[in-house]
Every structure is written in structure tokens, then in C-alpha cells.
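Novice: Need coordinates for the below:
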Amino acid sequence: MEGEYINICKLNKSLYCKINSNITTDEVIITYKQIDHINEQRKGGYDKYKNKLEEIIISPDYIIEDTKHINTGLVIKQYDRNVVVVLKLNTNSDNKKNSIITIWEIKDKRLQRYLLTHKTIYKRE
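Specialist: Numbers count the residues shown, from 1 in each chain. Prediction:
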């Protein structure tokens, strides 16, 4: 199964271009390998949010710069919990797609800390 993936949605490049303006595709995917990682390491985060991934990517409440990884953003949507989706953007022409790396939940206090310590790329008005 390694190397196989699920199509999630089409990316609105204008929302994400401040992370890197050279986004080569609008396709967003998640690999089966990442699904296994998320469900094992992130308390079933994929199973819990798989039906909301398109909404999170297309209509986030925040996009925050990921300071640890190049061309990557923390995409945050507020439901009953704050959901963080780490999205790796493809910025070269190697036929790869934008890819969800992981998903987790954070409390309001951590969200406020992220907003204070990281560059906010986008905030829903």
C-alpha cells in the first residue's frame, strides 16, 4: 500500500502562497502511510476528522507558518476542539502533490501560544 494515497481536495493557492509562491499543483492528498501514522500516534485523528479535511484545507480559521519544516503550514480549524493539519506544499515540478503530514488537536491555550510565537499567514475575518 505504500505510495498510494487518497485525494482530499483542490487547494486555493491564493490562501497558501505566502508560505511559498511557487506552489506547482492544487491537488491535496494523504498517503495511507500517513493515515496509519496519524491513527497510531495522534489518537485516531484521521478517523475522527477524515470527513472534515476538505473543509479544513479550503476554509481554515488560521494558517500559521511551520518554523520546523520548509514549505509547510499549520492549518487550523476550530470545532469543539482546535484541529491542526500539517500541510506540506509541493513547490517543484517533480509531479508530487501537496500532502497532509499529520493531524492533531490542541487546546485554546496552545492555539494562543502558536499565534503569539509563529507567523500568521492567514486569519479568517
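Novice: Where does the residue lying closest to I35 once chain neighbours are set aside sit: helix, strand or coil?
Specialist: Spatial nearest neighbour of I35, excluding adjacent residues (Cβ to Cβ, 6 or more residues apart in numbering): Y46 at 4.8 Å. From N, CA and C alone the C-beta is placed, and that goes for glycine too. Under the three-state scheme (DSSP: H, G, I helix; E, B strand; the rest coil), Y46 adopts helix.
Novice: Give me the neighbour count for Y46.
Specialist: When neighbours are counted by other Cβ atoms under 10 Å, Y46 registers 20.
Novice: wait, it sits on K33?
Specialist: No. At 11.4 Å, Y46 does not count as touching K33 under the criterion of Cβ atoms under 8 Å.
Novice: Roughly how far does R42 sit from W104?
Specialist: For R42, the distance to W104 equals 5 Å [Cβ to Cβ, to the nearest Å].
Novice: ok, the residue nearest to I35 - contacts?
Specialist: The contact partners of Y46, by Cβ atoms under 8 Å, 6 or more residues apart in numbering, come to 30, 34-35, 38-39, 103.
Novice: per-residue pLDDT, it?
Specialist: Among the per-residue scores, Y46 holds a pLDDT of 93.
Novice: those strands in this protein, which residues are they?
Specialist: For the chain, the strands defined by DSSP state E cover 5-10, 27-31, 62-65, 72-78, 82-88, 98-106, 120-123.
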